[in-house]
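Student: here is a sequence with its predicted model. Questions after.
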Amino acid sequence: MHEVDAGRKAGGGMTTTTSSMIRMGSTTYSFNDEYHSYECSLEGLFEKIGELGPKQGIELIGPQCIRTFPEVSEEFERIFKRSVERYNLVPSAFGHYSDMSRITGRDLTQDEMLEYSRMQLEGAKRLGFTLARLSYFSFDVEDRSKTLYRLLLPDAERLGIRLAIEIHCPHIIESAGQQRVIEDILKLNSPYVGFTLDCGTMTARMSPVCIQKFLDLGLSSKIVNRIVEMWTQRFSRAEIEAEVQAMGGGELGQLLAIESQIYFGHGEPAAMLDIMPVLFHVHGKFYNVDKSGNDDTVRYPEIIDTLVRGGYKGWISSEYEGHHWLKDRNAFGQVKAHQQLLMRLISESEARFK
Amino acid sequence: MFDEDLINGDGLKTYRSGASEQIAFKVRLPWYRSLYLSCLESANVSIGGAPIALEHISFRLYGRTYPFDDLKQFYEVLWFVLDAAAMIVEVPQPLAEGSHEVILTLFVRIPYHRSLNFKQMSTCTKLMRVERQVAA
């Protein structure tokens, strides 16, 4: 059913950092702390990402990097293209945002939504991108012909930009709402509409880094342990919040209850096989690569096995998110360690599936 | 995540403004990406333990000053993530010389978390030193 060999031969001439068709990249989101604190300039980020390896993919978060967002100025275009050349980068994904509640008190109209997205895609094209991560938006669309991806399809075709809708916690591939979108996109069967899958949807546990942060902030271990237990037993967000409130968990308890749901998904890596034909891009979300070179939270060994087995050929953009809880962690070192982990797992999986 | 830098620097610039005094301090956007001014939903400010009413709080960015409560209209003005802005508060009596504890809590609407109706709350407490300015 999954044409592994055919898929892998199709792009035989691509430059990769591994022997497979899976390519390594990084999103500017990984370096939020270094950038926001002025420790590293925008061009400094490009340079550091380039140091991760030849032909490193760069995912650009539009409104983080571009002062004239949603438009791209000529000045930015010049700086970006020069950096791509100078630091041997490949524009791999443009981080699009729908910003549906940008206007106070109401959602954007369909025309406003389209215009805002179209400007971003046109900018992405000028920067040399051929894929845009489409930011999450509501699944609860009555009429599927009115979804952003269908309305944007003529623009995507005109500009040669593949739309990759993000699947991110609290939604996972298996979620009912997500399944409706997947069904619609498989039916649409366009080479221009597919998914970006965030690996935070497939975790083995809540990150120890997150748990430690809440203990350090003073949340009692009794409440922390109960939230972890309820997460493990897959209670709903409402159930966890209600119990935390009853236990007197306060604001901190509520925050951990919410974070357990928006950072750590219970998705099964095997479910990726169902969307493999429309899996355009993978967000390599991770929270902490430890001294042994392993990530303690995301189910990477099974994720990589499934991607290799399914013949995935595309980018994995390393997306470090430990900075949400820990400062001064050296995101560059973390991303480098993460890519080494991925490349090791890819080699091992390839040996198994040869 | 970015709360420590919400109040930027440690200086309180004070200006006479008619019978009252204006106090300005620098702020950074407590989020990883730029947001529109319309996303700044509310602000709580206290100086030396005294809370300041919202009608006495203004926001200054790119050379323009907005009453805080008017920001909701400006959905096309992007606060670029690297740029510092200023909060300006008006108090009836001049601040004493020396240092004062300033607490700022900012509520920011994240415009792509529509279904979650997600508001980010950021708080920063800093001891700030009065830097009296000569009246213009």
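Tutor: That came through, no problem. Numbering: from 1, shown residues only, chains lettered A, B, ... in the order given.
Student: quick check: nearest residue in space to residue A:289, chain neighbours excluded?
Tutor: Residue nearest to residue A:289 in three dimensions, not counting chain neighbours: residue A:337, with 4.0 Å by Cβ to Cβ, 6 or more residues apart in numbering or on different chains. Heads up, the C-betas are built off the backbone N, CA and C, glycines and all.
Student: for that neighbour, report the pLDDT, please.
Tutor: pLDDT for residue A:337: 97.
Student: now stretch B:37-52: buried residues?
Tutor: B:37-43, B:45-47, B:52 (16 or more other Cβ atoms under 10 Å in any protein chain shown).
Student: let's have these in TSV, adding distance to chain A.
Tutor: Output for the buried residues of stretch B:37-52, formatted as TSV (distance: Cβ to the nearest Cβ, whole Å):
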residue	distance to chain A
B:37	10
B:38	5
B:39	7
B:40	10
B:41	8
B:42	12
B:43	15
B:45	20
B:46	18
B:47	24
B:52	22
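Student: which pair of these spans the longest distance?
Tutor: The span of the buried residues of stretch B:37-52, defined through Cβ to Cβ, is set by B:38 and B:47 at 26.3 Å.
Student: how about the helices in chain B?
Tutor: Counting by DSSP state H, chain B has no helices to list.
Student: got it, and chain A?
Tutor: Using DSSP H, helices in chain A cover A:4-10, A:32-36, A:42-50, A:62-65, A:74-86, A:110-127, A:148-159, A:176-188, A:208-216, A:221-232, A:237-246, A:250-263, A:300-309, A:331-353.
Student: burial of the residue nearest to residue A:289, as a residue count?
Tutor: Neighbours of residue A:337 under the rule other Cβ atoms under 10 Å in any protein chain shown: 21.
Student: how many neighbours does residue A:33 have?
Tutor: For residue A:33, the neighbour count with other Cβ under 10 Å is 22.
Student: likewise the one 5 residues further on?
Tutor: The burial count assigned to residue A:38 is 11, neighbours taken as other Cβ under 10 Å.
Student: same check, this time on residue A:114
Tutor: Neighbours around residue A:114, by other Cβ under 10 Å: 15.
Student: ok, now the one 10 residues further on?
Tutor: Using other Cβ under 10 Å, residue A:124 has 23 other residues around it.
Student: same thing with the one 3 residues further on?
Tutor: Other residues within reach of residue A:127 by the criterion other Cβ under 10 Å amount to 19.
Student: for the record, mean pLDDT for stretch B:64-77?
Tutor: The average of the pLDDT scores along stretch B:64-77 is 97.
Student: span of that stretch from start to end?
Tutor: End-to-end distance of stretch B:64-77: 11 Å, with Cα to Cα, to the nearest Å as the criterion.
Student: and it, is it in reach of chain A?
Tutor: Yes - using Cβ under 8 Å from any Cβ of the partner chain, we find that stretch B:64-77 touches chain A at B:72-73, B:75.
Student: am I right that residue B:81 is in contact with residue B:5?
Tutor: No - at 11.2 Å, residue B:81 does not count as touching residue B:5 under the criterion of Cβ atoms under 8 Å.
Student: okay, those two: which has more neighbours?
Tutor: residue B:81 (23 against 19).
Student: list the contacts of the more buried one.
Tutor: A:35-36, A:63-64, B:29, B:31-34 (Cβ atoms under 8 Å, 6 or more residues apart in numbering or on different chains).
Student: and which of the residues you listed is nearest to residue A:247?
Tutor: residue B:31 (30.5 Å).
Student: what about that closest one, how many residues close to it?
Tutor: 21.
Student: residue A:109 too?
Tutor: By other Cβ under 10 Å, the residues close to residue A:109 number 10.
Student: what residues does chain A put near chain B?
Tutor: A:29, A:32, A:35-38, A:61-64, A:67, A:69, A:97-105, A:107, A:135-138, A:140, A:323-324, A:327.
Student: just the ones of those residues in strands?
Tutor: The members of the residues of chain A next to chain B that map onto strands under DSSP state E are residue A:61.
Student: quick one: low-confidence parts of chain B?
Tutor: For chain B, applying pLDDT under 70 flags the ranges B:1, B:114-118, B:134-136.
Student: what's the closest non-adjacent residue to residue A:327?
Tutor: Residue A:327's closest residue in space is residue A:33 (Cβ to Cβ, 6+ apart), at 6.3 Å.
Student: circling back to that earlier point, weed out the non-buried ones from the residues of chain A next to chain B.
Tutor: For these, a burial check counting by 16+ other Cβ under 10 Å picks out A:29, A:32, A:35-36, A:61-64, A:67, A:69, A:97-104, A:107, A:135-137, A:323-324.
Student: residue A:232: which of the contacts of residue B:81 is nearest?
Tutor: residue B:32 (29.3 Å).
Student: contact partners for the closest one?
Tutor: Neighbouring residues of residue B:32 by Cβ under 8 Å, 6+ apart: A:29, A:32, A:36, A:61, A:64, B:1-2, B:81.
Student: please name the bridge partners of residue A:164.
Tutor: residue A:133, residue A:194 (DSSP bridges).
Student: okay, now it: neighbour count?
Tutor: For residue A:164, the neighbour count with other Cβ under 10 Å is 28.
Student: any chance of the contacts of residue B:81 in TSV, plus distance to residue B:67?
Tutor: As requested, these are arranged in TSV below (distance: Cβ to Cβ, whole Å):
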residue	distance to residue B:67
A:35	31
A:36	27
A:63	25
A:64	28
B:29	19
B:31	22
B:32	27
B:33	25
B:34	22
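Student: what residue is smack in the middle of the chain?
Tutor: Just going to use chain A. Taking Cα atoms, centre = their mean, the centroid of chain A lies closest to residue A:283, which sits 3.2 Å from it.
Student: that's the other chain; I wanted chain B
Tutor: When Cα atoms, centre = their mean is applied to chain B, the residue found nearest the centroid is residue B:87 (3.2 Å).
Student: show me the beta-bridge partners of that one.
Tutor: residue B:25, residue B:59.
Student: ok, now how distant is it from residue B:66?
Tutor: Remark: distance between residue B:87 and residue B:66 (Cβ to Cβ, to the nearest Å) = 11 Å.
Student: what do the two both touch?
Tutor: Joint contacts of residue B:87 and residue B:66 (Cβ under 8 Å, 6+ apart) are B:58-60.
Student: need the buried ones from these selected in ChimeraX.
Tutor: Here is the ChimeraX command that selects only those of these that count as buried (16+ other Cβ under 10 Å):
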select /B:58,59
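Student: between the shared contacts of residue B:87 and residue B:66, which sits nearest residue B:123?
Tutor: Distances from residue B:123 to these, taken by Cβ to Cβ, are shortest for residue B:59, at 17.2 Å.
Student: isn't the closest one right next to residue B:71, touching?
Tutor: Yes - the pair residue B:59 / residue B:71 is scored as a contact, 6.0 Å apart, by Cβ under 8 Å.
Student: ok, now which ones touch residue A:195?
Tutor: Residue A:195 sits next to A:164-167, A:182, A:185, A:275, A:278-281 when contact means Cβ under 8 Å, 6+ apart.
Student: excluding its backbone neighbours, what's nearest residue A:271?
Tutor: residue A:173 (4.2 Å).
Student: kindly report the same for residue A:239.
Tutor: Distance criterion Cβ to Cβ, 6+ apart; nearest residue to residue A:239, sequence neighbours excluded, is residue A:230 at 7.0 Å.
Student: over to residue A:50?
Tutor: Leaving aside its sequence neighbours, residue A:50 sits nearest to residue A:87 (Cβ to Cβ, 6+ apart; 2.8 Å).
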